[in-house]
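1. Fold the stuff below for me.
(2 chains)
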Amino acid sequence: MTSVTTREYNPTTGALIGNVSSLNFGKIASGSHTAVKVIDFAFSGLTEVTNIKIGILSSTLEVNEYPTDIQSDGSSSNGSFGLMHTDSFNKSLATSSLSRHVAGLNTTGLSSDEFNVLIGNKSDTVSQFVYLDIQLGSNDLGTFAGTYKVFFDFE
Amino acid sequence: MTTPKQTFLLTDTGIHETTTDFSSFASTGITGDINLGCVTNDIRLPMFWYGNSDLLTWRIFDPITGLPKTYTSVAAYKYIRAVQFDQMINQAFFLTAFRDDSVFSNANGIITRYNPATQIESEFVIKIKGVTTSIFYALDIKVDPSRRNIWILDAGNNRILRCNVDTGEVNRIFSPSKMVAPCSMTIDLSSGDAYIRCLNSTADGDSESSSSSSISSSDQLFLETIYKANDDGITPIVETNSTIQYDNKWLSPSLSDIEDIISTGDPIPLPASDSMKFDQLRGKLWWISKSSESIVFVVDVNTLVMNSISLLPSLDSISTINLDRDSGNAIVCGSYGSSGRIVVVDQTFFTYTTYLCHDCSSINNIIVMEPEFGNCLPFYVTGYAEQTNTESSSSETSNPVNVCTINNALIAEEETASTITTHTPYIDVRVWGAESSGISSTKVWTSKNRPSPDRFVENAFYTPLFSWSSIVKAGKPVIAIATENGDLLKIQLDIEQSSILEIGKCSQPVDGAIIGLSVSNGNSNVYVSGQGSIARINFDPTTVEADTEESSSSSSSQSDENMNSNNLLVSQKITDTGIGGLSVQFHTISNEIFSVSGQDCTLISSKGLDGWEAKATYGPVPNPFKAIWSKQHNGVVMAGKYSVHLVKIPTGTIQVTYGVPDYQISDICVKNGKIGIAVSSFDGENGLFKVLDANLVSNLLFYKSSGESPSGSCFMSDTTVLIALDNYEANSTRFVSANFSGLVQESSISIEGQIKSLFFDENFDIAIAVFSSGKIISIRLDDSKIPIITTLGDLNQEISFAGGSLLSNQEDKISTQKKIRVFVGSSNGTNDRWDSGEIETESQEVLYGGGDNLSPGEAYWLSISIMDETYGWSEPTSRLFTVPIM
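-> Prediction:
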């Protein structure tokens, strides 16, 4: 059967840390951004994965009220949730705040949702590296939680 | 067949680790009868909690070292039903169905929260609108970390609570009318949908009938119902039949049942917390049937196509189910012969493979060390405000930067709680003004509908809109009325339009005189008691039918034994006990007092009440005594003519008596252990209303009227008492509300005539009063709890009795507004300070800029009016607030 495993990498060295089932971005001050998490998705039980997308299904933090400069992969230049992707590990991306972001909340729960971000493949069954961070507003206080969801086609 | 990568078995002999193909089992060194566990991945290498019922402790097990982390022992009670780990905040939650170490008066369930980092254990306090509420015989909890929800199956109170896991505030209550014993559940963490298994004692679901046949009838089926609950409400999606029945004490136990269970040490036999699992990748809901049937069910929640397989040839008993995420196969555990057994069910072909574990005689649970979120990846982050000059400026108490930061933090916490659900009746209003020089770190709170550019907070406040119900109306109240000429009417009211919406008339005569009515919540059933009979009238909006069940002449042997036809009723009270469906207490001409609950009819007392003259009358009893089931007392509170009695169930002994020799009791009401009594002087010109404590000893509230007497109608909620006062000389009725600190608020007007019945809904602070002349009015308590009276209609005929339910459909009680208008004035209802005009928003928060119109420390009236598509514009609701001093 098809399955997907999320793997996390060291943002400084690019070394594999291990599989993860949740992302804890830690405690940060209002108005600042978190450290970047580097992950990818490995698929099993199939021969080829295409059309990999990430959407934010729920969040207690505003995802993006006024997205600007939306590019072909669906990402925007602003927003609370940084998200970028590369074929090979890019240390400079992983060690600074991200410049592309999720454009909005996936309210449909579907892969066709306009606010999903399209992620490419490193191989037939492995996604590109995905870089994630979170930017809090100056007055965003408390615990914020939600879920990313991975969508994909396979054969 | 695909199996999980790493699995631990919790068995009657301890914890065993298995190989990936279940070919061998290795002891971990943890011994004892271990039933529950849950995975935590608060560190990168997952560990799991396990509970040892012998040692009454909970510990974390580290699979890498193979050792328990002894420093994280958690005290626990014997009857823990469920354990959950909140991965967002790294805390564990333990549910105890009832406390076995408790004294008689406190056998409520308890949820214990444990923080491994601080090793602090505390009670998870559940609140409804800020008021602490109790759970009783609670059977399961599940945490939805990303939505910050915890679901609680509060079976003893016949409700399902969805709370904010951080604040404990209930954001949704589900209580479908035919739900019985919600005992286990699972959550689709992608959608937030909850799937809840309930048990019904009869196949037709009519658990409310007081004269249905014995539950031991061999041809009677037993139902399991799976409900789906989410923001849209709760609906049954699957029903299955079973030949296994549970004793009523497990379905809806009384306090004495709980005491018996604790004394005997019997385990709760209902399906356990880990008897349901949801496969998020495939949208499949799995559950196991009752232990000795060993059936596995699966349903595709999108298509509702269901499949099942009996594992009885390979399993003597079935105890738990888990899923292999990769394959979607189900792993079912139980016992076979003298060994534990694992059965892996292929999710595609529904074939299965069995594995024996000889190291134990039964497998109680299985821990699968895999991610639990499917292809959903939860995230969380904690934000905090930088205290730019906290320590160093502690002496500068007026420093605006520091104060503003703290103020914002308070708002932020409330904000998080208020945006969870549309059913939390809050609206967040922020008052803000122009930028103030020198304040650089106090930008306005990030929010929807924020005007651009940002401006700086000048002052801010947060207001719970506590009378939201007066804006978005609560369904259409339904009441039933018996007229003097023998008609039974069902009246549907339209509070918003101040009118009677519909009048239905029962087409069949009700046997005997009608002396009591009760409308059950959420449906159209009206219960009527007459001379020796109890009838259930089934109203429909368009067709009226009657279904009369003669309890006195029923063929049921139970009825013959306890309720013969000579026991003519002289008065009664029908109540919803909240734990066992319908309960009827009634008084017969031979001074016998019965309690009917479900299918049990028990003589609880044959003692007469002082001063009461039993009447074998065929007409309505003009001044019936009242008997009310009191859950807190586990007994019946009864009013005689000059005294109140607390009658202990099941012994029937009168435990406490409180006398009022100089007065006559006209009504009683019971709430949360408090007992309210309305009494009048012999001449009827003066009245008293007292609220007594649970032991009928001390006065919590004492109110005396002059020239008026309580007219036999009083109601009490958690915070409010509503009393109808009859002025006999003036032939008028006045309404008074009070709280328990002695504050009494009076209605400014009186209504002509004498009140017959009064219904009060504490959730909405709305009451309906029916007058003997047929006049029907509503009484709404404004924000200061002052009764506001509105006439709804007049039936123009004499009323003999009225009963009712104010909420025909609780799901309708709150809807999303389309527009909102906020205005602020120096006096109530004025807008001399601000007026937002109409703002089009469905958000539950509003930002409004007011410049320098408000002065710190000054009090103003905030008014809010809301428009929705169903009800149009509401009347403004006002609240007095004081602008914080920065």
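2. Now residue B:261, what are its backbone angles?
-> Main-chain torsions, residue B:261, degrees, to the nearest 10: phi -60, psi -40.
3. what's near enough to touch residue B:110?
-> B:77, B:95, B:96, B:99, B:123, B:135 (Cβ atoms under 8 Å, 6 or more residues apart in numbering or on different chains). (Each C-beta comes from the backbone N, C-alpha and C, glycine too.)
4. Mark which of those are part of strands, please.
-> Members of those lying in strands (criterion: DSSP state E): B:95, B:96, B:123.
5. Count the residues that sit near the first one.
-> I take that to be residue B:95. 27 (other Cβ atoms under 10 Å in any protein chain shown).
6. I figured it was touching residue B:113, is that so?
-> No: look at residue B:95 against residue B:113 with Cβ atoms under 8 Å: they stay out of range, at 10.7 Å.
7. about what we covered before: which among the contacts of residue B:110 end up buried?
-> Among those, the ones that count as buried by 16 or more other Cβ atoms under 10 Å in any protein chain shown are B:77, B:95, B:96, B:99, B:135.
8. Name the nearest of those residues relative to residue B:784.
-> Residue B:784 has its nearest neighbour among these in residue B:135, at 32.3 Å by Cβ to Cβ.
9. which residues in chain A form helices?
-> A:91-94 (DSSP state H).
10. Who are the packing partners of the lengthiest strand in chain A?
-> With secondary structure taken from DSSP E, chain A has its longest strand at strand A:142-154. Applying 3 or more Cβ pairs under 8 Å, 6 or more residues apart in numbering or on different chains; DSSP states H and E, we find strand A:142-154 packed against strand A:3-9, strand A:37-44, strand A:49-59, strand B:376-384, helix B:400-418.
11. quick one on the thing from earlier: want to throw the ones in strands among the contacts of residue B:110 into JSON lines with pLDDT?
-> JSON lines is the format used below for the ones in strands among the contacts of residue B:110 (pLDDT from 0 to 100):
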{"residue": "B:95", "pLDDT": "89"}
{"residue": "B:96", "pLDDT": "85"}
{"residue": "B:123", "pLDDT": "87"}
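12. Next, format those residues as JSON lines and append distance to chain A.
-> Output for the ones in strands among the contacts of residue B:110, formatted as JSON lines (distance: Cβ to the nearest Cβ, whole Å):
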{"residue": "B:95", "distance to chain A": "22"}
{"residue": "B:96", "distance to chain A": "26"}
{"residue": "B:123", "distance to chain A": "20"}
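13. Show me which of those residues is closest to residue B:328.
-> Of all the ones in strands among the contacts of residue B:110, residue B:95 has the smallest distance to residue B:328: 28.2 Å, by Cβ to Cβ.
14. ok, now how distant is the closest one from residue A:79?
-> Distance, residue B:95 to residue A:79, by Cβ to Cβ, to the nearest Å: 38 Å.
15. try residue A:129
-> Distance of residue A:129 to residue A:79, computed by Cβ to Cβ: 20 Å.
16. Check residue B:23 too.
-> For residue B:23, the distance to residue A:79 - Cβ to Cβ - is 50 Å.
17. Looking at the two, which is more packed in?
-> Taking neighbours as other Cβ under 10 Å, residue B:23 and residue A:79 compare with residue A:79 leading, 25 against 9.
18. Stretch B:155-174 spans what distance, first to last residue?
-> End-to-end distance for stretch B:155-174: 11 Å, by Cα to Cα, to the nearest Å.
19. Briefly note if that stretch comes near chain A.
-> Yes: shown here: stretch B:155-174 in contact with chain A (Cβ under 8 Å from any Cβ of the partner chain) through residue B:166.
20. So for that stretch, mean pLDDT?
-> In this model, stretch B:155-174 has a mean pLDDT of 89.
21. Which parts of that stretch count as buried, going by neighbours?
-> Here stretch B:155-174 shows B:155-174 as buried, counting by 16+ other Cβ under 10 Å.
22. just stretch A:28-48 next, same as before
-> In stretch A:28-48, the ones that count as buried by 16+ other Cβ under 10 Å are A:28, A:30-31, A:33-43, A:46.
23. One more: stretch A:13-20?
-> In stretch A:13-20, counting by 16+ other Cβ under 10 Å, buried: A:19, A:20.
24. From chain A, how far out is residue B:337?
-> 32 Å (Cβ to the nearest Cβ, to the nearest Å).
25. For the chain, which element, helix or strand, carries the lowest mean pLDDT?
-> Answering for chain A, as no chain was given. strand A:16-20 (a mean of 75; mean pLDDT, DSSP states H and E).
26. actually it's chain B I care about, not the one you picked
-> Min over SSEs of chain B, mean pLDDT, DSSP H and E: helix B:400-418 (a mean of 23).
27. quick one: contacts for residue B:699?
-> Contacts of residue B:699 by Cβ under 8 Å, 6+ apart are B:690, B:691, B:692.
28. quick check, nearest of those to residue A:142?
-> After measuring these against residue A:142 - Cβ to Cβ - the closest member comes out as residue B:691, at 39.4 Å.
29. And for that closest one, the neighbour number?
-> If you count neighbours by other Cβ under 10 Å, residue B:691 ends up with 21.
30. List the contacts of the helix or strand harbouring it.
-> Per DSSP states H and E, residue B:691 falls inside strand B:686-692. The set of residues external to strand B:686-692 that reach it, using Cβ under 8 Å, 6+ apart, is B:644, B:658, B:660, B:663, B:666, B:674-681, B:698-710, B:714, B:716, B:721, B:723, B:725, B:736, B:738, B:740.
31. So what's the gap between the least confident helix or strand of chain A and the chain middle?
-> 16 Å (Cα atoms, centre = their mean, to the nearest Å).
32. Any regions of chain A where pLDDT drops low?
-> A:1-3 (pLDDT under 70).
33. Now that residue B:139 has come up, it's in contact with residue B:275, right?
-> No: at 10.8 Å, residue B:139 and residue B:275 do not qualify as touching, with contact defined as Cβ under 8 Å.
34. Just want to know which of those two has more residues nearby.
-> Each of residue B:139 and residue B:275 has its neighbours counted (other Cβ under 10 Å); residue B:139 has more, 27 against 24.
35. The more buried one: what's it in contact with?
-> B:81-82, B:95, B:97, B:153, B:155, B:181-184, B:268, B:270, B:273.
36. Please, which helix or strand holds it?
-> strand B:138-144.
37. The helix or strand following that strand close to chain A?
-> Next along the chain after strand B:138-144, taking DSSP H and E as the criterion, comes strand B:149-154. No: if you take Cβ under 8 Å from any Cβ as the test, strand B:149-154 misses chain A, and the best it gets is 10.6 Å.
38. Sheet partners, orientation included, of the next helix or strand along the chain from strand B:149-154?
-> With elements assigned by DSSP H and E, the helix or strand that comes after strand B:149-154 is strand B:159-164. Strand partners for strand B:159-164, identified by DSSP bridges, are recorded as strand B:149-154 (antiparallel), strand B:170-174 (antiparallel).
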